[in-house]
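> Curious how this folds, go ahead:
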Amino acid sequence: MTQPNTLYFGDNLDILREHIDAATIDLIYLDPPFNSKRDYNLLFKTPKGHESDAQITAFEDSWSWGEQAEREYAELIHGKNTEVAALMKALRDFLKPSDMLAYLVMMANRLLELHRVLKPTGSLYLHCDPTASHYLKIVLDAIFGAENFRNEIVWKRTSAHNDPKRYGANIDTLLFYSKSDDWIWNQLYTPHSEEHLARFRHKDPDGRLWTDDNLTAKGLSGGGYEYEYKGARSLWRVPLTTMERMDAEGRLHFTNKGGIRQKRYLDETQGVGLQALWDDIPPINSQSAERLGYPTQKPLALLERIIAASSNPGDLVLDPFCGCGTAVHAAQNLGRAWIGIDITSLAINEIENRMKKAFPDLAFKTEGTPKDLDGARELAEHDKYQFQFWACALVGAQPYRGGKKGADTGIDGIIYFQDDKTTSKKIIVSVKGGASVGVAMLKDLIATVARENAAMGFFVTLAPPTNAMLTEAASAGLYASPKHGAFPKIQILTLEGLMNGAESPRYVDLSRGAISFKQAKAEKKKGKQAKLL
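Model prediction:
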């Protein structure tokens, strides 16, 4: 059953099939990987703002043909949508079993599910770039129907971009589709230009600014209304009854030469209807107040524009590749319900922190992350890296991989803390998800703490520690905080104790909240939806 205001950790294909009912979503925004052949890394910062060596691959934006792609391709060509089956066969003939085909197979399967969960009045916006936008559009045509294509929106994502031997690549594309010919639409406007505003130079006694406009129909095809009004005879655009009403309302301007023109008031102009070129929303840069440090983060204004145009308050918005959660944040800001899905525990943890900080009173659920030891064991067996990221989050640590999944430095996470006014210090975190642990593993952590000149070390374990480990940890001594007492230098923390609240890391951090991702600011309650964006 569809659950609003829920974050899901897992493969969005599985989540869509198992947890989202058909025709329950009003608006979908997705910003999937672009198949750019890049790894997007996060570089964390210490409390003092110095770059640390804690870096992690947030997601890998590259695809290759293999068993999973072959299996998903078979689903497509044997599925109910014969147009998609025919298209994928043609793409395979053209692209061969290539990286691009693997990417398109992944996207096609998920777009079919997104079409299923969308209401008949719903819309979908797919955020992409020229890497695969041309292929994605024909996939969307096959799934949604070419007749339901509404716009290709171009967003100027950066002011300038220097690319060797080609034009600077500074735009992204948003492909806008509806599910039917009856879709939710709220017209948005942008402000008039200064040149246009300068035309409103006349003023009524009450201070209202206006400009005059032609009322005659001369030169227009389709005829008009010929009559005399207050001594002026012409072919008018409006019938006599309308002319009389406008006069009674004070909306006519009688010129010195005996002509009649219409008054158009500035306070009645809504601005310019929003166009398909969006060059008025700046990207997230290094100085942006809303920057959280997540790669490919999009500005709130971009998502708020999409959500305001294509949904109504109370509607349900879905982002199946939610990253750092800008879409769900924007949806909450505008009074919509939301669902977010991401395949990395790092992203889910970031969104949880973001939403709790921005909306302290908001109640929402997180599904898919371990809730008990069995769930923790399952995650450890299924994906040891996601297990490590999740375990690090339980103790407030930054995941550490040196940017490479295979690197083994004896460090799974780092906590930077500050307990005086001098400099930041660090805690080494080692995570173990095996069925058993022993003294040798703990000695490795003790050695790593010494090698890294760290203040403390946390040994986070799924299996219960042995008595010998407890003795070894105690023998490592204490870390003496300058003004806040002493704490065990090596602390053993079980996942069971961390999850049930019986255990927690013991240390003092005067800068708590300033590590890892930058914190989102708390949102003020907003009024009704604005019409001018």
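
> how about stretch 171-184: buried residues?
With burial defined by 16 or more other CB atoms under 10 Å, the residues of stretch 171-184 counted as buried are 171-179, 183-184. Using the backbone N, CA and C atoms, a C-beta is placed for each residue, glycine as well.

> For the residue positioned nearest the centre of the chain, list the residues it contacts.
With distances taken as CA atoms, centre = their mean, residue 326 lies nearest the centre of the chain, 3.6 Å away. By CB atoms under 8 Å, 6 or more residues apart in numbering, residue 326 lies in contact with 297-300, 302-303.

> Just the buried ones from the residues you listed, in ChimeraX syntax?
The following ChimeraX line selects those of the contacts of residue 326 that are buried, judged by 16+ other CB under 10 Å:
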select :297,298,299,300,302,303
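
> Break the chain down into its domains, please.
6-189+273-367, 192-268, 373-500 (automatic domain parsing).

> ok, for residue 443, nearest residue in space, not its chain neighbours?
Spatial nearest neighbour of residue 443, excluding adjacent residues (CB to CB, 6 or more residues apart in numbering): residue 472 at 6.8 Å.

> so how far is residue 141 from that neighbour?
Relative to residue 141, residue 472 is positioned 64 Å away (CB to CB, to the nearest Å).

> in the stretch 151-300 of the chain, which ranges drop under the pLDDT threshold?
Judged against pLDDT under 70, the low-scoring parts of the stretch 151-300 of the chain cover residues 286, 293-295.

> Next: the stretch 401-533 of the chain.
401-408, 511-521, 524-533.

> How are the helices of it distributed by residue range?
439-451, 467-475, 495-500 (DSSP state H, counting those that start in this stretch).

> Show me what the longest one is packed against.
Under the contact criterion of 3 or more CB pairs under 8 Å, 6 or more residues apart in numbering; DSSP states H and E, helix 439-451 touches strand 425-432, strand 456-461, helix 467-475, strand 490-494.

> and of these, who's closest to residue 280?
When the helices and strands packed on helix 439-451 are compared by CB to CB, strand 425-432 sits nearest residue 280, at 42.5 Å.

> now could you export just the CA positions of that closest one as CSV?
Only the C-alpha atoms of strand 425-432 are listed here, as CSV (Å, rounded to 0.1, in the frame of the first residue of the first chain):
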residue,chain,number,x,y,z
LYS,A,425,40.6,15.7,16.7
LYS,A,426,39.4,12.5,15.2
ILE,A,427,38.0,9.1,16.1
ILE,A,428,38.6,6.0,14.0
VAL,A,429,35.6,3.8,13.4
SER,A,430,35.9,0.1,12.5
VAL,A,431,32.7,-1.8,11.5
LYS,A,432,32.5,-5.6,11.6
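
> on that earlier part again, got CSV for the helices and strands packed on helix 439-451, with mean neighbour count and distance to residue 316 too?
Compiled in CSV, the helices and strands packed on helix 439-451 are given as follows (neighbours: other CB atoms under 10 Å; distance: least, CB to CB, whole Å):
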stretch, mean neighbour count, distance to residue 316
strand 425-432, 25, 36
strand 456-461, 25, 37
helix 467-475, 14, 49
strand 490-494, 22, 38
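
> Now flag whichever of the contacts of residue 326 is closest to residue 336.
Closest approach to residue 336 among the contacts of residue 326 (CB to CB): residue 303, at 10.7 Å.

> Leaving out sequence neighbours, find the closest residue to that closest one.
Distances taken as CB to CB, 6+ apart place residue 330 nearest to residue 303, at 3.7 Å, with adjacent residues excluded.

> how close does that neighbour sit to residue 338?
In terms of CB to CB, residue 330 sits 9 Å off from residue 338.

> go on, residue 496?
Residue 496 is 32 Å from residue 338, by CB to CB.

> Which of the helices or strands spans residue 381?
Here residue 381, judged by DSSP states H and E, is contained in helix 373-382.

> ok but residue 26 is inside a helix, no?
No: Residue 26: not assigned to a helix; according to DSSP: H, G, I helix; E, B strand; the rest coil it is strand.

> For residue 276, state which of the contacts of residue 326 is nearest.
Nearest to residue 276 among the contacts of residue 326: residue 302, at 14.0 Å, using CB to CB.

> Isn't that closest one up against residue 153?
No: the criterion here is CB atoms under 8 Å, and residue 302 misses it with residue 153 at 10.0 Å.

> Mutual contacts of those two, please.
Applying CB under 8 Å, 6+ apart, one finds that residue 302 and residue 153 are jointly contacted by residue 278.

> circling back: any idea how far the residue nearest to the centre of the chain is from residue 177?
Taken as CB to CB, the span from residue 326 to residue 177 is 21 Å.

> Now distance to residue 510 too, for the domains of the chain, in TSV please.
Formatted as TSV, those follow (distance: least, CB to CB, whole Å):
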stretch	distance to residue 510
domain 6-189+273-367	8
domain 192-268	50
domain 373-500	5
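
> Let me know which of those is the nearest to residue 506.
Proximity to residue 506 (CB to CB) singles out domain 373-500 among these, at 4.9 Å.

> Distance from the chain centre to the closest one, please.
In this view, domain 373-500 has its centroid 31 Å away from the chain centroid, taken as CA atoms, centre = their mean, to the nearest Å.

> From one end of it to the other, what's the distance?
10 Å (CA to CA, to the nearest Å).

> And for stretch 421-441?
End-to-end for stretch 421-441, by CA to CA: 34 Å.

> what's the answer for stretch 193-212, then?
End-to-end distance for stretch 193-212: 18 Å, by CA to CA.

> Can you give me the buried ones in that stretch?
For stretch 193-212, burial by neighbour count (16+ other CB under 10 Å) applies to 200, 210-212.

> Kindly indicate which of these lies nearest residue 467.
residue 200 (83.9 Å).

> doesn't the closest one fall inside a strand?
No: counting by three-state DSSP, residue 200 is not part of a strand but coil.

> before we move on, back to that, who touches the residue nearest to residue 443 in this structure?
439, 442-443, 446, 490.

> Apply 10 Å and report the result again.
Contacts of residue 472 were listed using CB atoms under 10 Å, 6 or more residues apart in numbering, and they are 438-440, 442-443, 445-446, 459, 465-466, 490, 492.

> Of all the helices of the stretch 401-533 of the chain, which one comes closest to residue 318?
Of the helices of the stretch 401-533 of the chain, nearest to residue 318 by CB to CB is helix 495-500, at 28.6 Å.

> Kindly tell me how buried residue 242 is, as a neighbour count.
Residues near residue 242, counting by other CB atoms under 10 Å, number 13.

> wait, isn't it in contact with residue 227?
No: with contact defined as CB atoms under 10 Å, residue 242 does not reach residue 227; the gap is 11.4 Å.

> what's around residue 482, how many residues?
By other CB under 10 Å, the residues close to residue 482 number 10.

> May I have the residues that are in contact with it?
Contacts of residue 482 by CB under 10 Å, 6+ apart are 419-422, 508.
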